[in-house]
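Enquirer: sharing a model prediction with you, sequence too.
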Amino acid sequence: MKFSTVFLALIVTIMVADSANAQFIVAHRGASFVAPENTISAFKRAWELNADAIEGDFYVTKDNQIACIHDKTTKRTAPGSPELKVADSTLKQLQQLDVGSWKDPQYAGERIPTLQDVLGTVPEGKQIFVEIKCGVEILPLMQPILEHSGLKDDQIAIICFDKQVVTEARKLMPQYRVNWLTSYKNGKPTIASIVETLQRTKASGLGSKGDLSVIDEAFVEKINQSGGQLHVWTVNDPAQARRFAELGVVSITTDKPDVIRESIRILN
């Protein structure tokens, strides 16, 4: 074999290995540091900043539509407007509210998007993390929307704190990854109970709060041994992001996808 052929093969091997070890950067509620969270502008901005995936939050409305909003009410993201509870409002009522001006006047007129709207922004080769903020009632409504979105199965991940939702989502839509989310209070959950939950719910992985007082080499090893993937959220500090990258997490969710990507670039 000629030297040039050997050299080329070596370069390809290094590139493949490098790609396999690189962390996915997930834009939290879109590029929410610079644009109003959970809006089409935020998601489009995330793609402009070269995020690998976007994360959005979803509730069911009174008329069985799926709206992209983090809170149970519109109080925080539509200040100055009548406060609406998402579950008690129709999509039309919700979309009458301006959810952009609170962030910056340039985003005046932004409306609450639907799940279909958000899925429609996802380019080929990119992914979406669909966070369910309500209960299992959303699943039969969500299933046909995801399946008819035109996205490939591996472009979609469902994430949720609710264990029942994770369990039922895995049963109803086994073609998608479904991650269980957790944060940590008073030392709970423990790593043993986390592994038990992942196995009982058949979750594809763990979406963990990015807490370095909890997550260390032993923690990562236990999750890997359980067969699940480890993802962390919401990490905006470059030094913390580098540490999570060193630990080998699969993805890092952040409000600042461009900043965090640059902070771990040299490691990957």
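Expert: Arrived safely. Numbers count the residues shown, from 1 in each chain.
Enquirer: what pLDDT does residue 77 get?
Expert: Listed pLDDT for residue 77 reads 98.
Enquirer: please name the residues that touch it.
Expert: 36-38, 69-71, 99, 102 (C-beta atoms under 8 Å, 6 or more residues apart in numbering). All C-beta atoms are positioned from the backbone trio N, CA, C, and that covers glycine.
Enquirer: residue 70 and residue 38 touch, don't they?
Expert: Yes - at 6.0 Å, residue 70 counts as touching residue 38 under the criterion of C-beta atoms under 8 Å.
Enquirer: and the helices in the stretch 1-150 of the chain, which stretches?
Expert: Counting by DSSP state H, counting those that start in this stretch, residue ranges of the helices within the stretch 1-150 of the chain are 3-21, 40-48, 91-94, 115-119, 139-147.
Enquirer: select the longest strand from this protein.
Expert: In the chain, assigned by DSSP state E, the strand with the most residues is strand 53-60.
Enquirer: report the contact partners of residue 29.
Expert: Residues near residue 29 by C-beta under 8 Å, 6+ apart: 37-38, 42, 55-57, 70, 255.
Enquirer: can you list those residues in TSV and add neighbour count, distance to residue 166 and pLDDT?
Expert: Converted to TSV, the contacts of residue 29 look like this (neighbours: other C-beta atoms under 10 Å; distance: C-beta to C-beta, whole Å; pLDDT from 0 to 100):
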residue	neighbour count	distance to residue 166	pLDDT
37	26	23	99
38	28	21	99
42	30	26	98
55	28	16	99
56	27	17	99
57	20	16	99
70	18	19	98
255	22	24	98
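Enquirer: for residue 112, give its distance to residue 84.
Expert: 10 Å (C-beta to C-beta, to the nearest Å).
Enquirer: shared neighbours of these two, anything?
Expert: Applying C-beta under 8 Å, 6+ apart, one finds that residue 112 and residue 84 are jointly contacted by 74, 94, 97.
Enquirer: ok, the second one - contacts?
Expert: Meaning residue 94. Listed by C-beta under 8 Å, 6+ apart, the contact partners of residue 94 are 61, 67, 69, 74, 84, 86, 112.
Enquirer: would you mind putting these into a markdown table with neighbour count alongside?
Expert: Converted to a markdown table, these look like this (neighbours: other C-beta atoms under 10 Å):
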| residue | neighbour count |
| --- | --- |
| 61 | 24 |
| 67 | 25 |
| 69 | 27 |
| 74 | 22 |
| 84 | 22 |
| 86 | 23 |
| 112 | 26 |
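Enquirer: and of those, the nearest to residue 162?
Expert: Closest to residue 162 out of the contacts of residue 94 is residue 86 (16.2 Å), distances taken as C-beta to C-beta.
Enquirer: tell me the pLDDT at the closest residue to that closest one other than its chain neighbours?
Expert: Of all residues not flanking residue 86 in the chain, residue 59 sits nearest, at 4.5 Å (C-beta to C-beta, 6 or more residues apart in numbering). In this model, residue 59 is scored at 98, pLDDT.
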